[in-house]
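Undergrad: Output the structure for:
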Amino acid sequence: MVAEGCWADTDDFRLLMVLYELDKNCEEDVDWDNLLDHMYGDICRKRWRPMARQIGDNRKRSFAEQVDILYERYCPDILEPKEAYNNRTRVDI
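TA: Model prediction:
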C-alpha cells in the first residue's frame, strides 16, 4: 500500500496511536470509517491486517493484545521525527 502511494509510512503510526487510544477489545467494535480523517475505513482495515500478521501467532491473541504489542514495538515517539525527515527540504549537490 505504501509502494502504491495510497498509504504513507507515517500513517502506520497514526493508525496504531488511534487504535491504542480507542482501547477496543475486538476488531468489530472499531469504527474503521472514522479512524483517520484522510483515509477511508476499508483502507485502514486493509492495512491493519498485514500489520497484525507481523506479530506471529496473531490469531491466538485478542485484538487488544495485538494493538498493544504493535504499539510498543513501533512506539509513536518516532512519528514526529519521521514526519520531519519525510518533509525535509532536499538539497541538490
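Undergrad: going forward, measure contacts and count neighbours with C-alpha atoms only.
TA: Fine.
Undergrad: Find the nearest non-adjacent residue to K24, please.
TA: Spatial nearest neighbour of K24, chain neighbours left out: A64 (6.2 Å); criterion: CA to CA, 6 or more residues apart in numbering.
Undergrad: Go ahead and list the helix or strand containing I55.
TA: Of the helices and strands defined by DSSP states H and E, none includes I55.
Undergrad: Just to check, N34 is in contact with G41?
TA: Yes - the pair N34 / G41 is scored as a contact, 6.8 Å apart, by CA atoms under 8 Å.
Undergrad: which of those two has more neighbours?
TA: Shown here are N34 and G41; by other CA atoms under 10 Å, G41 has more neighbours (17 against 12).
Undergrad: hang on, the earlier thing: check the secondary structure at the residue nearest to K24 for me.
TA: Assigned by DSSP: H, G, I helix; E, B strand; the rest coil, the conformation of A64 is helix.
Undergrad: Hmm, it is touching L22, no?
TA: No - A64 is beyond contact range of L22, at 9.7 Å (criterion: CA under 8 Å).
Undergrad: quick one on the thing from earlier: for the residue nearest to K24, which residues are in contact?
TA: D23, K24, N25, C26 (CA atoms under 8 Å, 6 or more residues apart in numbering).
Undergrad: From D31, how far out is the closest residue to the last one other than its chain neighbours?
TA: Spelled out, that is C26. Counting by CA to CA, 6+ apart, C26 lies nearest to F63, which is 5.0 Å off, once chain neighbours are set aside. According to CA to CA, to the nearest Å, F63 stands 14 Å off from D31.
Undergrad: again, but for Y71
TA: Taken as CA to CA, the span from Y71 to D31 is 19 Å.
Undergrad: Also C6?
TA: With distances taken as CA to CA, C6 is found 20 Å from D31.
Undergrad: Thanks again, I'm all set now.
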